[in-house]
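> Show me how the following folds:
(2 chains)
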Number of protein chains: 2
Amino acid sequence: MAQRARKAARELATLPTGVKNGALIGMARALEERSDDIIETNKLDIASARASGVSSAFLDRLTLNPARIEGMVQGLRQVASLADPVGEIISSRVRPNGLKVQRVRVPLGVIGIIYESRPNVTVDAAGLALKAGNAVILRGGSEAISSNVRLVQILCQASSKAGIPDHAVQLIETTDRQAVYELLKLDDYLEAIIPRGGPELIELVRKNSTVPVIAHGKGLCHIYVDEAADLRMALSIVLNAKVQRPGVCNALETLLVHQAITQEFLPQVCDRLSRAGVEVRGDRKVCQVVPQALEASEADWETEYLDLILAIKVVSSLDEALGHISQYGSGHSEAIVTSNQSNAKRFLQEIDAAAVYVNASTRFTDGGEFGLGAEMGISTQKLHARGPMGLQELTSYKYIIYGNGQVRG
Amino acid sequence: MAQRARKAARELATLPTGVKNGALIGMARALEERSDDIIETNKLDIASARASGVSSAFLDRLTLNPARIEGMVQGLRQVASLADPVGEIISSRVRPNGLKVQRVRVPLGVIGIIYESRPNVTVDAAGLALKAGNAVILRGGSEAISSNVRLVQILCQASSKAGIPDHAVQLIETTDRQAVYELLKLDDYLEAIIPRGGPELIELVRKNSTVPVIAHGKGLCHIYVDEAADLRMALSIVLNAKVQRPGVCNALETLLVHQAITQEFLPQVCDRLSRAGVEVRGDRKVCQVVPQALEASEADWETEYLDLILAIKVVSSLDEALGHISQYGSGHSEAIVTSNQSNAKRFLQEIDAAAVYVNASTRFTDGGEFGLGAEMGISTQKLHARGPMGLQELTSYKYIIYGNGQVRG
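Here you go, the predicted structure:
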C-alpha cells in the first residue's frame, strides 16, 4: 500500500488545480447521491457499537445522519473552493551575489492518518490531503469499519473518474492492530503520521513511530470566569462550551471561577447545567454554595470526560487559574471571560495552548470556524502545525535557487 | 536539567528583544576576548582526535582557528541584528461572527540538540535558540567535549550578565551515551530534538525518541551536467562544490554527466579534480574516457564521502539523471547545470529535495547564504522545517481569539 501511495503521491504533486477541484466536486456529488446507502451502512456500525455497550458520546461521534453527510459534502466543496497551496512562492530573495532564492510550497508526500470513531474524518482527510497534493493511507477505528469502507469506495470511484491516480486514497481494511505497528515503521514511504484519538492512541503512536508524528491529542479545555466577567456572557459561553457537543475535543471539561463571584454565579450556572443534563463535580467551595454538586477528586482535574460531566473549581486569583491550567491543561483550547483588559492580556500571553480565547466559547477551535476550510485535525503539539490543520499545514516547501554560475568563496 | 530548562524557557518566552540582543552581543564580545583560550582548549580535542586516527575531514570539522571563531562571533552579531520572530502576527482574520482570529508566533520551548564534531554548532545553536526565546540542552560529540565545555562557560557567563535566566543554555557534560537515550524520552519537557550528524546518529534518534525530531540528516548531493551546459560554468561549479570544503553536508558527492559531452567535459574536469587532490571513481563509461579513474561500485552511489573523493556517472538523458537522484539522493541539495530552460524547469519541479539549484554550487545551502542569519542546521525531512533552519524555524505559533460573547450554533 505504501509503495502504491508513494507512486500516486509523485503524480499528485504535479496535478493541475483544476483536476483536483473537479475530483473534489465529483466526490461531494457522489456522497450526496449515495447518502441513503451510507446511512444504512453506518447503522451496521452503530448496532455493533451499541451492542458492545459504548458511551452515548461515543455513539454520537460514530453516527452519520443526513445533516452530517451534508456537512462532509459542504466540506469537500469548500476545500475545492480554497486556493491551491501547492506551488505558492512563500518567499523570494535575491542575494548580494545574484542568487535568487525562492521558498516554494510542495506537498508533503504520503500521510498516514490513524483515527477513532468519527467516520467524517475519512472524508475530510481524503479531501484535504488530495487538494494539498498528498496521498493518504487511512486507518479508522474498528467500530466504524463498515462506514469507512463504503465512504472510501464512493470517494475513490468518483476521484478516479475525475483523473486522480489510483491509490491516492487508501483505507487499511483489516482491523488487526498489527497493521498500525507496521504503518508506524514505514519511514521510507511516509512523511507524516497524524494520530487522532485518546491519550492511549497518541502514546502508542509516539512510542512506536519512526515516521514524524503530528498528534491530534486530547482536549482538556478550561474556561476561567474572572472576577471582572460579564456573568450573562459567562453563563452563555460555559453552557455552549459544555453542552452544545460534549463528545468533541474542544468542549469544556473544567470550569474555573473567581472566588469573588461564587455566590452570584455558581448557583445560576449549576442550575442551568443541571437542567441541560450535566453532572457537576466541584471542589469543597463549590459544594458549599451548590449542595447538589458531587465532590471532585484529583482525577477530575485530569479527565477529558467527552460527556455531560463538568469539573468546577473556585480560584482565588488569575494567577491560581493560570497555575491550574498550566498544570492540567492539554494545550488545546483555553478561555477567559473577563472585561478586564490587563487580565485578558496576561491570559493570552501566559497560557501555552494552541488556541487561547477572550470572551468566546472554546467550541470555535476548528479549521472551518477559523477560516481554513475543512480540517485534518487539531494539533496539540508545537512542531510543524499547531491547532486546526488545514491545507497549508499539510504541505512542506523546498528552496529553488536560480544562479548564473555562482560558486562559494 | 530538563526541568531547569523548562523554567528558563518560560522566562525566555516573554523576555524583551533588547535583553536578548544585548546578551547575544555580550556573548560575541566574550568569545572574541577569550579567543586564545578557546583555541588552546580546542587543541586538546584535536590532539586526542588525531591520536585516535580520525580522517582529515573529521579533523577539519573539529578545528577552531581565529577565522572560525570570528565566524561564530559574526554569526551571533548577525542573529542580534535580525528581527525578533516572537510575537509576530502571522495572520489575522475577522470571521463573519465577529471573532478576531490571530496567529501569533511563539517560541517552541525547550529544544535538545545532538551533534557531532563541529564545535561552532554549540555557539550557533545557543544564539539562535536564545533569540527565538527557547532554552536549549546541547549534547555535542565526545571528541569536542573540552571545546564545548569552554564555549558554553563563556556564553553563559556573558548571557547571565545581560539578564538571561540561568539554564537557558545547558551542555550535557558527560560523554556517556546513556544520557542521549534519557534525553530522547523527555517528551514532557522537550518540544523538539534536532540531531545533526551521520546516518547512524539520525537512525538512533528516530528509533528511540518520543520527542518530535527535526533531523539534520546526510547530504548526498548531486550535480547533473546537462547536454546543454556551459562547460566552463560546469567545471567551476563542480570544483567548488567538491573541493571548497569537502567535509560538510552540502558538498558534492556524485557527479552525473550527459553522455553527449563526455569526451569534451570528462577529461577536463577529472584533470582539474586530480590536481585538487580528488580521487575519482567512475562508472565504466567514465573509465573509458578517463583511464586514471577507479571503477565505482554500487556502494559509491550510496556514500556520503565527506572527503576528497567523487563518484561520476554518465547518463543518457535528463530522465536517467532524475531517476538516479530519486534513487540515491538524500533530499538535501541537488543541482543542474544547463542552458536549456525546459530541462531546468523539469529538474526544479521533479527533484524532491530541500534545495534545488540551477547553475550554482550546492555549497550555498546554508542559513547565512540564504539570508536567514546563522543556522541551527539543515533539515532533510519535510515536517516543520526543510532546508536551513533559522530563527523562524525554531518557533511555533498559537491562535489568539478575541470575542464578545460568541457561542457556537
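> Point me to the residue of the stretch 201-350 of chain A nearest chain B.
Proximity of the stretch 201-350 of chain A to chain B (Cβ to the nearest Cβ) peaks at residue A:240, 3.5 Å away. Yep, even glycine has a C-beta here, placed from its N, CA and C like the rest.
> Report pLDDT for that residue.
Listed pLDDT for residue A:240 reads 98.
> Equivalent analysis for the one 3 residues further on, please.
For residue A:243, the model assigns a pLDDT of 97.
> show me what contacts it?
A:273, A:276, A:277, A:278, A:308 (Cβ atoms under 8 Å, 6 or more residues apart in numbering or on different chains).
> Got a quick ChimeraX command for the buried subset of those?
Of these, the buried ones go into a single ChimeraX selection, burial set by 16 or more other Cβ atoms under 10 Å in any protein chain shown:
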select /A:273,278,308
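> Export the contacts of residue A:243 as TSV, with columns for distance to chain B and secondary structure.
Below are the contacts of residue A:243 laid out as TSV (distance: Cβ to the nearest Cβ, whole Å; DSSP: H, G, I helix; E, B strand; the rest coil):
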residue	distance to chain B	secondary structure
A:273	15	helix
A:276	13	coil
A:277	18	coil
A:278	16	coil
A:308	17	coil
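> Can I get the contacts of residue A:243 in TSV including distance to residue A:94 and pLDDT?
Output for the contacts of residue A:243, formatted as TSV (distance: Cβ to Cβ, whole Å; pLDDT from 0 to 100):
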residue	distance to residue A:94	pLDDT
A:273	60	98
A:276	61	97
A:277	63	97
A:278	60	98
A:308	59	96
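> Can you tell me which of the contacts of residue A:243 is closest to residue A:102?
Nearest to residue A:102 among these: residue A:308, at 52.2 Å, using Cβ to Cβ.
> before we move on, the earlier item: skip the chain neighbours and tell me the closest residue to the residue of the stretch 201-350 of chain A closest to chain B.
residue B:407 (3.5 Å; Cβ to Cβ, 6 or more residues apart in numbering or on different chains).
> ditto for residue A:23
Computed as Cβ to Cβ, 6+ apart, the closest residue to residue A:23 that is not its neighbour in sequence is residue A:162, at 3.7 Å.
> do the same with residue A:108
According to Cβ to Cβ, 6+ apart, the nearest residue to residue A:108 is residue A:191 (4.4 Å).
> Surely that neighbour is in contact with residue B:383?
Yes - counting by Cβ atoms under 8 Å, residue A:191 touches residue B:383, with 6.7 Å between them.
> where do the contact lists of those two overlap?
Residues touching both residue A:191 and residue B:383 by Cβ under 8 Å, 6+ apart: A:108, A:212, A:396.
> ok, back up a step: how many other residues sit next to the residue of the stretch 201-350 of chain A closest to chain B?
22 (other Cβ atoms under 10 Å in any protein chain shown).
> do residue A:36 as well
Quick note: residue A:36 (other Cβ under 10 Å) scores 10 neighbours.
> Now do the contacts for the residue of the stretch 201-350 of chain A closest to chain B.
A:361, A:363, B:407, B:408.
> Could you say which helix or strand holds it?
Element membership of residue A:240 [criterion: DSSP states H and E] is helix A:231-243.
> Can the following helix or strand past that helix be said to contact chain B?
Once the chain leaves helix A:231-243, the next helix or strand it forms, by DSSP H and E, is strand A:252-258. No - under the criterion of Cβ under 8 Å from any Cβ of the partner chain, strand A:252-258 makes no contact with chain B; the nearest approach is 11.4 Å.
> So which of the contacts of residue A:240 is surrounded by the most neighbours?
Neighbour counts for the contacts of residue A:240, by other Cβ under 10 Å, peak at residue A:361, which reaches 31 neighbours.
> how far away is that one from chain B?
5 Å (Cβ to the nearest Cβ, to the nearest Å).
> if I pick that residue, what's in contact with it?
Residue A:361 touches A:237, A:240, A:241, A:244, A:335, B:403, B:406, B:407, B:408, counting by Cβ under 8 Å, 6+ apart.
> Please repeat the previous calculation with a cut-off of 10 Å.
A:221, A:223, A:236-242, A:244, A:250-252, A:333, A:335, A:337, A:369, B:99, B:401, B:403, B:405-408 (Cβ atoms under 10 Å, 6 or more residues apart in numbering or on different chains).
> And for residue A:174?
A:139, A:142, A:145.
> got those as JSON lines, with neighbour count and secondary structure columns?
Putting the contacts of residue A:174 into JSON lines (neighbours: other Cβ atoms under 10 Å in any protein chain shown; DSSP: H, G, I helix; E, B strand; the rest coil) gives the following:
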{"residue": "A:139", "neighbour count": "22", "secondary structure": "strand"}
{"residue": "A:142", "neighbour count": "16", "secondary structure": "helix"}
{"residue": "A:145", "neighbour count": "19", "secondary structure": "helix"}
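> Spit out the contact partners of the nearest residue to residue A:228 once chain neighbours are set aside.
Sequence neighbours aside, residue A:340 is the residue nearest to residue A:228 in space, at 3.9 Å (criterion: Cβ to Cβ, 6+ apart). By Cβ under 10 Å, 6+ apart, residue A:340 lies in contact with A:226, A:227, A:228, A:229, A:318, A:346, A:347.
> Show me the two of these that sit farthest apart.
Among the contacts of residue A:340, A:229 and A:346 lie farthest apart (Cβ to Cβ), at 14.8 Å.
> Same drill for the two, tell me which one is more crowded.
Counted by other Cβ under 10 Å, residue A:229 and residue A:346 do not tie: residue A:229 has more neighbours, with 24 against 16.
> Check whether that one sits in a helix, strand or coil.
coil (DSSP: H, G, I helix; E, B strand; the rest coil).
> How is chain A partitioned into domains?
Under automatic domain parsing, the residue ranges defining each domain of chain A are A:2-216+A:389-402, A:221-364.
> Can you confirm whether the lowest-mean-pLDDT helix or strand in chain A lies near chain B?
Of all helical and strand segments in chain A, the minimum by mean pLDDT, DSSP states H and E falls on helix A:56-62, at a mean of 86. No - shown here: helix A:56-62 not in contact with chain B (Cβ under 10 Å from any Cβ of the partner chain), separated by at least 15.7 Å.
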